[in-house]
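Chemist: compute the structure for the input listed below.
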Amino acid sequence: MEQNRQQHIKEDEIDLRELFATLGRYKWSIIFFTLLITFAVAVKVYFMPKYYKSTVTLEVKSENKAGGFSLGGAAAMLLGGGGGSASNLEKDITLLKTYRTNEKVLNIVDGYLVRYFITDEKHKEVEVENNLSIELTDVQVNDFKKYGMRLLIKPLNKTEYQLFKVNTFFNDKLGTYHYSEMVKQKAFSLMVHKKQDFITPYTVELAGTKRHIFEAIVKKNLSLTADKDSPFITLSFMDNLPNRGEAYLRSLIDIYTKQSIDDKKNDASVAIDSFDQQLKKVEQQVNSSSKSLEDYKEKNHIISPQVQANSLIDELSKVGIKISQSKYKQELLANLITFTKKNSNIDSIASSLVELEDLPTIELIRLMQEKQLELDTLLLKYQYNHPVIVRANGTIYGLKSKILSNLKNLQRTLKNKTKSLEKLEQSYNKKLHSSPKQEQELIGFSRNYNVNEKMYLYLMQERSAAQLKHDKALSRFKVIEEVYTADAAVKPKKALIVIVVFIASLIFMIFMAFFREFLKESKREDA
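Modeler: This is a model prediction of the structure:
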């Protein structure tokens, strides 16, 4: 046993000696290529542009403290059907990250369609926004590569400049032009204006379209996170220019906040219009029934009805009001079913959903809107016929089918309820028929007047609530801390990159040394 153990130790010592001997034979190549790779990466990192991070925190207030449901919010603008629970931070995050929202920001914030660069005294290319010596106007890009087109503007004299198209290795000269002269090329057209004399050439990057800016710049630099334990959303944006990054975040918050308020007002306006239409009808009925009652009393010299007639009038009025409300809800429900079938703007019947108080259907609609938001995000990555998109569309179609089924069931329930109320009304009418003829007529006129009057008051109250919601539409968002940008750049982490590359290249070169030694051993054995 002891002899075998000593033999193993001896073999291990031999292996370690061979290992270090191999490293010794290839040490100079290992050192040379490790340093060469590290130096090349260090040069590359040196010329990388700096990115500054702007951050802001928002508090998202609950839209419906009583647990209600609203189809309003920015989702109405983006989806053609509103935004469900206000506490759903993920939905707000999804909307804030969509192209449709950010496109409006790009219409306001300057500096992305045309970007200006110069080479500083350290031979680095840096983006500039202030004290520009030139300005490009009338820019029209007809053809550009995925990441935009870059042009070099080199001053020639006080009135002329040379224009080059920047390529990877060699620049293509496009011609010599006068300042404020229209430049027309096959791929683009623009005009360069000189604001002051300059020596250092400018490199300009033409983005082409806002969609390109969103895909190439905004999408990868905009970050939004929700706090798990509190209603806060943190937005951060990285940009080469700190001021532009701050302006972008402020504009994004302002646009989304304004749209949220506008959509609340639109919701209330739709409800107000609906109530106004109903009020006109009921007002005519109130006036007509009031006149008929007064005419009947005057004709028959009736001052006040008897106690029994009063009781019957009261009971018939209560049943009549319930029947009127039930039929009104049936009408709203029929509109909802029609709109859903036609895939119309669900937001326009928000008042119907709230008034019907069908919580299971409301939850299904909320879920469908979430799936629509997910689909909107997926369409940024995949084509419409991609399996992921097809599955998402299938899910949305399935939810719509369930919603329609629920609404039809609710419609049947309301119809049955109305029939029950009508039977109760018939039983009261039987009692009415047993009364004297004059009393029957009086009860009929009084009942119609009471029903119409109370229905009118009911609609007036609902309209007042909708008007109050319209007038007091407030933002759900509150800025907790103003936009802040750190003085130091957040990336690239130059030292970290160089250290990681050094270690990785060293390991790789050691591996290559042993691989080369293995190939040599294989050749010796074959020989």
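Chemist: and Thr225, what pLDDT?
Modeler: Looking at Thr225, its pLDDT reads 86.
Chemist: how about it: what's its closest non-neighbour residue?
Modeler: Among residues not flanking Thr225 along the chain, Thr234 sits closest, at 5.1 Å (CB to CB, 6 or more residues apart in numbering). Yep, even glycine has a C-beta here, placed from its N, CA and C like the rest.
Chemist: okay, now the spatially closest residue to Lys341 that is not a sequence neighbour: neighbour count?
Modeler: Of all residues not flanking Lys341 in the chain, Leu404 sits nearest, at 6.8 Å (CB to CB, 6+ apart). Leu404: 16 surrounding residues under other CB atoms under 10 Å.
Chemist: now do the phi/psi pair for the residue lying closest to Asp143 once chain neighbours are set aside.
Modeler: In space, and not counting its chain neighbours, Asp143 is closest to Ala187: 4.2 Å by CB to CB, 6+ apart. Main-chain dihedrals, Ala187, degrees, to the nearest 10: phi -90, psi -20.
Chemist: got the contact list for Ala187?
Modeler: Val141, Asn142, Asp143, Phe144, Met149 (CB atoms under 8 Å, 6 or more residues apart in numbering).
Chemist: related to what we said a few turns ago, so what are the sheet partners of the helix or strand containing the residue nearest to Thr225 and their directions?
Modeler: Assessed by DSSP states H and E, Thr234 sits inside strand 232-239. For strand 232-239, the paired strands and their directions (DSSP bridges) read strand 52-60 (antiparallel), strand 222-226 (antiparallel).
Chemist: of these, which is nearest Lys280?
Modeler: Nearest to Lys280, of all the strands paired with strand 232-239, is strand 52-60, at 39.0 Å by CB to CB.
Chemist: what sits opposite Thr176 in the beta ladder?
Modeler: Legend: beta-bridge partners of Thr176 under DSSP bridges are Gln162.
Chemist: give me the number of residues near it?
Modeler: Neighbourhood size, Thr176 [other CB under 10 Å]: 12.
Chemist: where does Leu404 fall, secondary structure wise?
Modeler: Leu404 belongs to helix 387-433, assigned by DSSP H and E.
Chemist: list the contacts for Asp276?
Modeler: Arg463.
Chemist: now it. Its backbone dihedrals?
Modeler: The phi/psi pair for Asp276 (degrees, to the nearest 10) reads phi -60, psi -40.
Chemist: surely Leu502 is in a helix?
Modeler: Quick fix: residue 502 is Phe, not Leu. Yes: counting by DSSP: H, G, I helix; E, B strand; the rest coil, Phe502 is located in a helix.
Chemist: got the domain boundaries for the chain?
Modeler: Per automatic domain parsing, the domain ranges recorded for the chain read 2-48+492-526, 51-111+221-263+290-488, 114-206.
Chemist: compare those domains and say which comes out lowest on pLDDT.
Modeler: domain 51-111+221-263+290-488 (a mean of 70).
Chemist: let me see the ranges of the strands in the stretch 151-300 of the chain.
Modeler: Ranges of strands in the stretch 151-300 of the chain, per DSSP state E, counting those that start in this stretch, are 160-165, 172-178, 182-184, 188-194, 202-206, 222-226, 232-239.
Chemist: and those strands: which comes nearest Leu364?
Modeler: Nearest to Leu364, of all those, is strand 222-226, at 23.6 Å by CB to CB.
Chemist: chain center to that closest one, what's the gap?
Modeler: Its chain's C-alpha centre lies 12 Å from the corresponding centre of strand 222-226 when counted by CA atoms, centre = their mean, to the nearest Å.
Chemist: give me the contacts around it.
Modeler: 89-90, 93, 96-97, 102, 232-238.
Chemist: rewinding a little: out of the strands of the stretch 151-300 of the chain, which is closest to Tyr52?
Modeler: Closest to Tyr52 of the strands of the stretch 151-300 of the chain is strand 232-239 (CB to CB; 6.3 Å).
Chemist: centre of the chain to the closest one, how far?
Modeler: Averaging C-alpha positions (CA atoms, centre = their mean) puts strand 232-239 14 Å from its chain's average.
Chemist: before we move on, what about stretch 166-179?
Modeler: Remark: stretch 166-179 is offset 40 Å from the chain centroid, using CA atoms, centre = their mean.
Chemist: stretch 510-527 now?
Modeler: 58 Å.
Chemist: buried residues in that stretch?
Modeler: Neighbour-count burial for stretch 510-527, counted by 16 or more other CB atoms under 10 Å, picks out Ile510, Ala513, Glu517.
Chemist: for stretch 25-45, same thing?
Modeler: Neighbour-count burial for stretch 25-45 flags Tyr26, Ile30, Phe33, Thr34, Ile37, Thr38, Val41, Ala42, Val45 (criterion: 16+ other CB under 10 Å).
Chemist: which residues sit in contact with the first one?
Modeler: Listed by CB under 8 Å, 6+ apart, the contact partners of Tyr26 are Ala513, Arg516, Glu517.
Chemist: so of those, which ones are in strands?
Modeler: Judged by DSSP state E, strands contain none of the contacts of Tyr26.
Chemist: take those residues and write them to TSV, including distance to Lys124.
Modeler: Formatted as TSV, those follow (distance: CB to CB, whole Å):
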residue	distance to Lys124
Ala513	36
Arg516	39
Glu517	42
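Chemist: Lys124 is in contact with Phe117, correct?
Modeler: No: the pair Phe117 and Lys124 fails to qualify as a contact (CB atoms under 8 Å) at a distance of 9.9 Å.
Chemist: of the two, who's got more company?
Modeler: Set side by side, Phe117 and Lys124 show more neighbours around Phe117, with 20 against 14, by other CB under 10 Å.
Chemist: identify the bridge partners of the more buried one.
Modeler: Judged by DSSP bridges, the bridge partners of Phe117 are Glu127, Thr203.
Chemist: other SSEs contacting the helix holding Leu404?
Modeler: In this structure, helix 387-433 packs against helix 307-341, helix 359-378, helix 437-471, with contacts taken as 3 or more CB pairs under 8 Å, 6 or more residues apart in numbering; DSSP states H and E.
Chemist: try it again with 10 Å
Modeler: Judged by 3 or more CB pairs under 10 Å, 6 or more residues apart in numbering; DSSP states H and E, helix 387-433 is in contact with helix 307-341, helix 350-356, helix 359-378, helix 437-471.
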